[in-house]
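# Let me see the structure of the following:
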Amino acid sequence: MREGVKEFNEALLHGTVAAATEIFRKISRVIDRTAQQGVIHKNQAARRKSRMSAKLKAKKLSAKA
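Modelled structure (predicted):
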């Protein structure tokens, strides 16, 4: 899971919005599965996905401007 989050952050910094969006979809599923297995708390999973979504949204808006 942590590797996926790092990959997402790298895609935000150095990649395209489309690549970051695709990685976000994949890592969201991984985070949900991790929470379902009890490795992390469901609220922590929601918080991580929310923060990543906000970063992705900011990247999309800055790409349009």
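# Could you report the neighbour count for residue 19?
Using other CB atoms under 10 Å, residue 19 is surrounded by 15 other residues. Every C-beta, even on glycine, is put in place using the N, C-alpha and C of the backbone.
# And the nearest residue to it once chain neighbours are set aside, how far from residue 5?
Among residues not flanking residue 19 along the chain, residue 11 sits closest, at 4.9 Å (CB to CB, 6 or more residues apart in numbering). Separation of residue 11 from residue 5 (CB to CB, to the nearest Å) stands at 11 Å.
# Please say which of the two ends up with more neighbours.
A direct count of neighbours by other CB under 10 Å for residue 11 and residue 5 places residue 11 higher, at 20 against 16.
# Find me the pLDDT at residue 27, would you?
pLDDT, residue 27: 97.
# Surely it and residue 1 touch.
Yes: counting by CB atoms under 8 Å, residue 27 does reach residue 1; the two are 7.5 Å apart.
# who has more neighbours, these two?
Each of residue 27 and residue 1 has its neighbours counted (other CB under 10 Å); residue 27 has more, 20 against 15.
# quick one: contacts for the more buried one?
Residues counted as contacts of residue 27 (CB atoms under 8 Å, 6 or more residues apart in numbering) are 1, 4-5, 7-8, 52.
# where do the helices sit along the chain?
Along the chain, counting by DSSP state H, helices occupy 2-14, 17-37, 42-64.
# Check the gap between residue 35 and residue 56 for me.
Using CB to CB, we find residue 35 at a distance of 20 Å from residue 56.
# again but with residue 42, I slipped
Taken as CB to CB, the span from residue 42 to residue 56 is 21 Å.
# Looking at these two, which has the bigger crowd around it?
More crowded of residue 42 and residue 56, by other CB under 10 Å: residue 56, with 18 against 11.
# what residues are up against that one?
Taking CB under 8 Å, 6+ apart, we find residue 56 in contact with 12, 17, 20-21, 24.
# now, among those, which is nearest to residue 64?
Nearest to residue 64 among the contacts of residue 56 is residue 17, at 9.2 Å by CB to CB.
# how many neighbours does that closest one have?
Burial of residue 17 is recorded as 16 neighbouring residues (other CB under 10 Å).
# same deal with the one 5 residues further on?
Counted with other CB under 10 Å, the burial measure for residue 22 works out to 14 neighbours.
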